[in-house]
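> turn this into a model:
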Amino acid sequence: SYGYDLAELQDVTPSILSRSADAATIAIYTQAITMTLASVVASQTGNVFACRSERGSILPLGFFSNPQIWLGIAMEWVLVLLIINNASLSGIFSTAPLAPWQWLVLLVCPPIVLGAEELRKVVFHGKFISKQSR
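Now for the predicted structure:
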């Protein structure tokens with residue numbers, strides 16, 4: 001989102017790693033780290049549902065049939081929010097606050113991962129498998 005191309009990233013990387021880059025570059029870097037962390041967690045949110053059955057769709061199983069999954073998702077997001085917004089933790093993990101549009105982008109990650117896995121199940125297993133035939 002800041003317009004760096006590969007050559008510019010290669011040029012600025014040594015100064016970022018040595019912490020000698022200017023403050024604006026470090027801020028962009030820490031926001032990129034934060035977005036990467038949040039993207040992994042958001043994608044894993046979709047993945048947890050996709051992995052409930054190796055061959056069958058999530059649809060027959062339902063999204064709410066295992067409340068422990070929702071507890072786990074809530075806990076991981078509380079931790080991510082703490083890592084991002086708590087001053088001590090953001091210093092330890094080198095994170096920065098995300099812009100509202102970045103949070104909106106994160107909402108797309110779970111359905112993309114879940115949709116890709118659902119498509120894989122249909123392509124390689126030919127049909128949705130019911131709850132009884134898991």
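
> mean confidence score for stretch 15-29?
Averaging pLDDT along stretch 15-29 yields 89.

> what residues of that stretch count as buried?
16, 21, 26, 28-29 (16 or more other C-beta atoms under 10 Å). The C-beta positions use only the backbone N, C-alpha and C, and glycine is treated the same way.

> same question for stretch 38-54.
38, 41-50, 52-53.

> now do the same contact list for S39.
Shown in contact with S39 (C-beta atoms under 8 Å, 6 or more residues apart in numbering): 106, 109.

> per-residue confidence for it?
The model reports S39 with a pLDDT of 97.

> quick one: the helices in this structure, in order.
6-17, 23-50, 58-61, 67-85, 87-93, 100-106, 109-125 (DSSP state H).

> weakest of those by average pLDDT?
helix 58-61 (a mean of 80).

> could you dump that one to PDB, C-alpha only?
Extracted C-alpha coordinates of helix 58-61, given in PDB (Å, rounded to 0.1, in the frame of the first residue of the first chain):
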ATOM      1  CA  ILE A  58     -18.500 -27.600   6.400                       C
ATOM      2  CA  LEU A  59     -22.100 -27.000   5.400                       C
ATOM      3  CA  PRO A  60     -23.600 -30.300   6.700                       C
ATOM      4  CA  LEU A  61     -21.400 -30.000   9.900                       C
END
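
> buried ones in it, by neighbour count?
Buried, per 16+ other C-beta under 10 Å, within helix 58-61: 58, 61.

> next one: stretch 4-13
V12.

> quick one: residues in contact with that stretch.
21, 25, 28.

> any chance of a markdown table for the buried residues of stretch 38-54, columns distance to L61?
Putting these into a markdown table (distance: C-beta to C-beta, whole Å) gives the following:
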| residue | distance to L61 |
| --- | --- |
| A38 | 26 |
| V41 | 22 |
| A42 | 21 |
| S43 | 20 |
| Q44 | 18 |
| T45 | 16 |
| G46 | 14 |
| N47 | 15 |
| V48 | 12 |
| F49 | 8 |
| A50 | 11 |
| R52 | 5 |
| S53 | 6 |
